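**Student:** My questions are about this predicted structure, shown below with the sequence.
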Amino acid sequence: MALVDEKVWFPYILHSGAFTTVVPKSLLKKLKEAGSRVVEATLEKDVEMKMAVQDVVTIAKSMMHITVQLTTTAGPVRIRSLRALVARDEMEDMLIGEDLLKCLGIHTGYWLLDWKKGHWRL
């Protein structure tokens, strides 16, 4: 679970295939109910996202900036002002995308290159 805006615990999935973090509309609602000052901003152009599960396509019409706290083996890590797209369709989990993974020092592209070069095996 991730602590969002120091108000709401919400499930998440680390998703290396997502270019940015994506949150369901239900999280925005929960944050507002909990007293968060989060502001939803309308995007100039809708963002269409193809989800890996069942080839589902969802659309984001807005975004927001949130603070996300994750618990790691080294302890809690807090990322402030993380840009997140707000998915129009409901999802069960927040998708932690490449933007946040890179902040944490996780570069999946490098891992794949190392694997391809034979530096390690699965």
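**Tutor:** Happy to help now that I have it.

**Student:** ok, now which ones touch the nearest residue to Glu92 once chain neighbours are set aside?
**Tutor:** Among residues not flanking Glu92 along the chain, Pro11 sits closest, at 6.8 Å (Cβ to Cβ, 6 or more residues apart in numbering). Bear in mind the C-beta positions are built from the backbone N, C-alpha and C, glycine included. Residues in contact with Pro11 (Cβ atoms under 8 Å, 6 or more residues apart in numbering) are Met1, Ala2, Glu92, Asp93, Met94.

**Student:** Going through the residues you listed, which ones are buried?
**Tutor:** For the contacts of Pro11, a neighbour count by 16 or more other Cβ atoms under 10 Å gives the buried set as Ala2, Asp93, Met94.

**Student:** if we take the residues you listed, which one ends up nearest to Leu85?
**Tutor:** Proximity of the buried ones among the contacts of Pro11 to Leu85 (Cβ to Cβ) peaks at Met94, which lies at 10.6 Å.

**Student:** count of neighbours near the residue lying closest to that closest one once chain neighbours are set aside?
**Tutor:** Excluding its sequence neighbours, the residue lying closest to Met94 (Cβ to Cβ, 6+ apart) is Tyr12, at 4.3 Å. Applying the criterion other Cβ atoms under 10 Å, we find 18 residues in the vicinity of Tyr12.

**Student:** Surely Tyr12 is in contact with Asp93?
**Tutor:** Yes: the pair Tyr12 / Asp93 is scored as a contact, 5.5 Å apart, by Cβ atoms under 8 Å.

**Student:** what about Gly17, which SS state?
**Tutor:** Recorded secondary structure, Gly17: coil (DSSP: H, G, I helix; E, B strand; the rest coil).

**Student:** Going forward, count from 11.
**Tutor:** Happy to do that; since the first residue is 11 now, the last one works out to Gly27.

**Student:** Distance of it relative to Met104?
**Tutor:** The gap separating Gly27 from Met104 is 15 Å, by Cβ to Cβ, to the nearest Å.
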